[in-house]
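> okay, here's the prediction I keep looking at, along with the sequence it came from:
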Amino acid sequence: MRRWGPAAVLFAGGLAVWEAAVRIFNIKGFILPAPTAIAAAFEAEASDLFEAGWSTFTTALAGLAAGSAAAVLVSLAAARWRFIRDGAVPFAVAANSTPIIVLAPIANSWFGILSPAGSIFVVAVLVFFPVMINMVRGLLSADASQMELLDSYAARRGTVLRKLQLPTSGPYLFSAMKVAAALSLIGAIVKEFFGGPQARLGQYITTKAGLLQFEEAWAAIALASAFGMALYLLVVWIERRAIPWHISVRRA
Amino acid sequence: MSAGGRRVLAFLGILTVFVLLWEGYKWMGVTAGGVWPGTSIELPVRTNERSMPHVWDILFALFRPARRGGDLLLWVLLRAALFTWRSALLGFAFGSLVGFGLGVMFVRSPLAERGLMPYVVASQTVPILAIAPILVVWAGRLSVPRWVVVAVISAYLAFFPVAINTLRGLRSPQAEASELMTSYAASPRQVLWKLQAPAALPYLFPALKIAATAAVIGAIVGELPASMPDGLGRAILNFASAFSAAPAKLFASILVASLLGIVFVGAVAGAERAVVPQSMRLDAAETPAAVQEATA
Amino acid sequence: MTAVRLSGVDMVFNPGTGQEVKALAGIDLAVGQGEFVSLIGPSGCGKSTMLRLIGDLISPTVGAVAVNGKTPSAARIDRDYGMVFQSATLLEWRKIRANVELPLEIMETDKGERRERAEAMLELVGLADFADHYPWQLSGGMQQRVSIARALAFEPSILLMDEPFGALDEMTRERMQAELLRIWSETRTTVVFVTHSIPEAVFLSNRVVIMSPRPGRITRAVDIDLPQPRNRETREDQRFFELLTSVRDGLRAVEDM
């Protein structure tokens, strides 16, 4: 309660001020709808919203899982073979500075505009590079002295990987995964701006905004935030169990 | 061979592998009739000219007229990229200035940090890219020029990493260096410009690189609902709708969009090389997770 | 005239909280102009705290500190003293010359004079040839000499040195000590020097002040009557050994308390 108290109070206070401002200054709905109006829209549209939200959420989750898994595999190879590392890391850094989301129209044409595979593909690519860059770094972050210690035991490469490199990479992986969690949901939504089936959050938001139905659009955003938070908490939950020894977890 | 040379070679190696995979997959699909060889399982991505043009076709498309009798596609796309980059640059510059200003304010006044930092962090929980369509339509109703909205979206994405890393950088000098300045009775302004700001530069640049990418993404995504006919975002949408007729054009425009990001970040990296001595440069990955989270 | 005077100084960190630490109690010390005084004692005896009190980096809980007859903060604003820390604390983005010029820039000395002064100081510490190098290109001992040059650049009347040679190897350390004595005799600066090395304190000082921990107190002062100039032979002098013994006995007495 002490941890979440101030944030909750701030949130509730913010909503109250927002509501009051809209009422007192008689702000038009198309400029800023009141929280109660958004809540009403949410209730009225609940079934449509949840259908759209759930589809977007599951594609984001699938993309996150696929992209991270691929990133971890490539990282293991990059940590093992220097040539791969020398090529893959600068490549990833370059790829990370491109607006990867523009792959969306290609994904639409490859996998069909109605197929969730396109969204999963874009999210996976989006997530891949940051996770890979961090994971490679993590795998190589073990102290020279720790490496020498294992060398002095004549440990095999696989043993060094399992006993030293994988554990040290844990915190790096999870900090990247937290970034990726938020990235994946927003990525899935923005991908849908480039076209896709109607029953998706991205399409829902553009359509409603285009029709000037801002209450509905904001309701969709609120739902997206909730789903994004859920993804983030999922990663944190896994992190707590995977690396309970790490300081970032201990302090929490 | 030097480390730099080896890296360039390895980079080109990876690029070659990509091209070979692309062309190899395509060749496999074409010869086996769109299934995995020896099976009847369909390939996940079709390999016809429409779905996967040859790599060279994509490159050639750049040097053919975009439409009959018109300019080369390359020029059309570069013009669009320049237009998009202007919004991105505006957002980048504005966002970075705000971010740097916040960092300086926070290091000067713990009170300001305690009071404002929660809002700075909270600002990033608003998925600005997802809200882009609302903002754009909204601005249209308020008759705010659309490029302003696009720049604001870019700035909103850019300011946070800069603010966080500036603060970290300004705080990075060791305690003895600050005591040294105290022993000289240096004014707060002298401490800022002679000690803290130079020490912050290595932290600032990785954040600026993130901000540059974020600004480009913000500009492109902001253009989608803005129906601004001149930008790269719109060009991509147009070529996407004309995809079945000329698939290579879409791929070419995506290539140019990627190059825009790389060139922008490359320019920031160039400035970094000019300003920050080699021994002080930080790896991009040393950027704190909080900052990376911000760009999500 | 006394350069530094501490009278009845108590220093308590985090007073009134659970983590209250009494660092110094009842400190009385006077350092005369041109004197070289070393503070020696086991870790936690408050010797660095004392230096920081003189340097106005912290203020005493009880008692008074005077530097050149002024409050420490007035002395700081008048730039009466220069500080040298255990680490050289060079700004890594500045070349050696620019590092030495730093205090002069802050004091808004004009450019020509700044340049001249920096050059003279680098000459004094024997690093004139390294003016255009970056700090990382110099060894630890050389970096520490730069930081001494920097402290002397604005000709402060007092040097406050906090274990400046603590991180150096024994050979470099002895060379630096000889160097420091030469600079001291040329500039006639007052020096307050914190160390935990007995030979270093004896070799350098006019007076060695021995301190005891928890809370930090001055238990004894040993006058060092070795003749000047001191050099390699000094270290083999019978009197040098006697003084080492006497300081060591003083420190042992502290341990036995």
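Perfect, I can see it now.

> okay, now A:Val17: neighbour count?
Per other C-beta atoms under 10 Å in any protein chain shown, the neighbour tally for A:Val17 reads 10. C-beta coordinates here come from the backbone N, C-alpha and C atoms, glycine included.

> just the one 4 residues further on next, same as before
Neighbour count for A:Ala21, taken as other C-beta under 10 Å: 13.

> what of B:Val216?
Count around B:Val216 with other C-beta under 10 Å applied: 33.

> surely it touches B:Gly261?
Yes: counting by C-beta atoms under 8 Å, B:Val216 does reach B:Gly261; the two are 4.8 Å apart.

> now do the shared contacts for these two.
The contact sets of B:Val216 and B:Gly261 overlap at A:Pro99 (C-beta atoms under 8 Å, 6 or more residues apart in numbering or on different chains).

> residue ranges with poor pLDDT in the stretch 1-150 of chain B?
B:1-3 (pLDDT under 70).

> is the strand or helix carrying B:Ala10 in proximity to chain A?
Applying DSSP states H and E as the criterion places B:Ala10 in helix B:3-32. Yes: for helix B:3-32, a contact with chain A is found by C-beta under 8 Å from any C-beta of the partner chain, at B:6-7, B:9-15.

> A:Phe129 against A:Ala94, yeah?
No: A:Phe129 lies out of contact with A:Ala94 (C-beta under 8 Å); the separation is 9.3 Å.

> higher neighbour count, these two?
Between A:Phe129 and A:Ala94, counting by other C-beta under 10 Å, A:Phe129 is the more crowded of the two (23 against 17).

> roughly how far does the more buried one sit from chain C?
31 Å (C-beta to the nearest C-beta, to the nearest Å).

> now that residue: how far from C:Ser185?
According to C-beta to C-beta, to the nearest Å, A:Phe129 stands 63 Å off from C:Ser185.

> okay, helices next: where are they in the stretch 101-250 of chain C?
Applying DSSP state H, counting those that start in this stretch to the stretch 101-250 of chain C gives helices spanning C:111-124, C:140-152, C:170-187, C:198-204, C:238-256.

> what does chain B give?
In chain order, chain B shows helices spanning B:3-32, B:55-62, B:73-108, B:110-123, B:128-141, B:146-170, B:175-183, B:188-190, B:197-226, B:232-241, B:247-275, B:289-294, with DSSP state H as the criterion.

> buried residues of the second one, list them for me.
If you call a residue buried by 16 or more other C-beta atoms under 10 Å in any protein chain shown, then helix B:55-62 has these buried ones: B:55, B:58, B:61-62.

> again, but for the third one
Within helix B:73-108, the residues that count as buried by 16+ other C-beta under 10 Å are B:73-74, B:76-78, B:80-81, B:83-96, B:98-100, B:102-104, B:106-107.

> that helix packs against which elements?
Judged by 3 or more C-beta pairs under 8 Å, 6 or more residues apart in numbering or on different chains; DSSP states H and E, helix B:73-108 is in contact with helix B:55-62, helix B:110-123, helix B:146-170, helix B:197-226, helix B:232-241, helix B:247-275.

> the fourth one vs chain A: in contact?
Yes: taking C-beta under 8 Å from any C-beta as the criterion, helix B:197-226 and chain A are in contact, through B:209, B:212-213, B:216-217, B:220-221, B:224-225.

> buried only: go through those for me.
Neighbour counting with 16+ other C-beta under 10 Å marks B:209, B:212-213, B:216-217, B:220-221, B:224-225 as buried within the residues of helix B:197-226 next to chain A.

> out of those residues, who's nearest C:Glu20?
When these are compared for distance to C:Glu20 (C-beta to C-beta), B:Lys209 wins out at 46.9 Å.

> what sits up against stretch B:259-266?
Contact with stretch B:259-266 is made by A:94, A:97-99, B:81, B:84-85, B:88-89, B:92, B:209, B:212-213, B:215-217, B:232, as judged by C-beta under 8 Å, 6+ apart.

> if we go to 6 Å?
Applying C-beta atoms under 6 Å, 6 or more residues apart in numbering or on different chains, the contact partners of stretch B:259-266 are A:94, A:97-99, B:81, B:209, B:212-213, B:216.

> hmm, which helix or strand of chain A has the shakiest average pLDDT?
helix A:247-251 (a mean of 58; mean pLDDT, DSSP states H and E).

> return the residues in contact with the residue of the stretch 51-200 of chain C found nearest chain A.
Taking C-beta to the nearest C-beta, chain A has its nearest neighbour within the stretch 51-200 of chain C at C:Trp136, 20.1 Å off. Going by C-beta under 6 Å, 6+ apart, C:Trp136 touches B:Ser279.

> same check, this time on the one 10 residues further on
With contacts defined as C-beta under 6 Å, 6+ apart, C:Val146 is in contact with C:90, C:96, C:99.

> rerun at 10 Å
Listed by C-beta atoms under 10 Å, 6 or more residues apart in numbering or on different chains, the contact set of C:Val146 reads C:88-90, C:96-97, C:99-100, C:121-122, C:125, C:127, C:130-131, C:133, C:135, C:138.

> for it, give its distance to C:Thr195.
20 Å.

> how is the chain partitioned into domains?
Looking at chain A here, since you left the chain open. A:1-32, A:34-251 (automatic domain parsing).

> nope, chain C
Per the record, chain C has its domains at C:2-80+C:156-256, C:93-155, by automatic domain parsing.

> wait, isn't A:Pro235 in contact with A:Ala181?
Quick fix: residue A:235 reads Val, not Pro. Yes: under the criterion of C-beta atoms under 10 Å, A:Val235 makes contact with A:Ala181 at 4.8 Å.

> and the two? Which one has more around it.
Counted by other C-beta under 10 Å, A:Val235 and A:Ala181 do not tie: A:Ala181 has more neighbours, with 25 against 21.

> who are the contact partners of that one?
Counting by C-beta under 10 Å, 6+ apart, A:Ala181 touches A:60-61, A:64, A:68, A:127, A:228-236, B:293, B:296.

> for B:Leu129, same thing?
By C-beta under 10 Å, 6+ apart, the contact list for B:Leu129 reads A:101, A:186-187, A:189-190, A:193, B:153, B:156-157, B:214, B:217-218, B:220-222, B:296.

> need the buried ones from those selected in ChimeraX.
Entered in ChimeraX, the line below selects the buried ones among the contacts of B:Leu129, by 16+ other C-beta under 10 Å:
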select /A:101,186,187,189,190,193 /B:153,156,157,214,217,218,220,221,222,296
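
> before we move on, the earlier item: so which of the residues of helix B:197-226 next to chain A are also by chain C?
With C-beta under 10 Å from any C-beta of the partner chain as the criterion, no member of the residues of helix B:197-226 next to chain A is in contact with chain C.

> which one in those is the model shakiest on?
In terms of pLDDT, the least confident member of the residues of helix B:197-226 next to chain A is B:Pro225, at 73.

> do you know how far that one is from B:Leu77?
Noted for B:Pro225: a distance of 21 Å to B:Leu77, by C-beta to C-beta.

> same thing with A:Val179?
Counting by C-beta to C-beta, the gap between A:Val179 and B:Leu77 amounts to 30 Å.

> for chain B, which residues are neighbours of chain C?
With C-beta under 10 Å from any C-beta as the criterion, chain B meets chain C at residues B:173-187, B:190-191, B:194-195, B:198-199, B:201-202, B:275-280.

> can you flag the buried ones in these?
Among the residues of chain B next to chain C, the ones that count as buried by 16+ other C-beta under 10 Å are B:173, B:176-186, B:190-191, B:194-195, B:198-199, B:201-202, B:276, B:280.

> neighbours around the nearest residue in space to C:Arg235 that is not next to it in sequence, how many?
Nearest residue to C:Arg235, sequence neighbours excluded (C-beta to C-beta, 6 or more residues apart in numbering or on different chains): C:Phe203, at 6.6 Å. Using other C-beta under 10 Å, C:Phe203 has 23 other residues around it.
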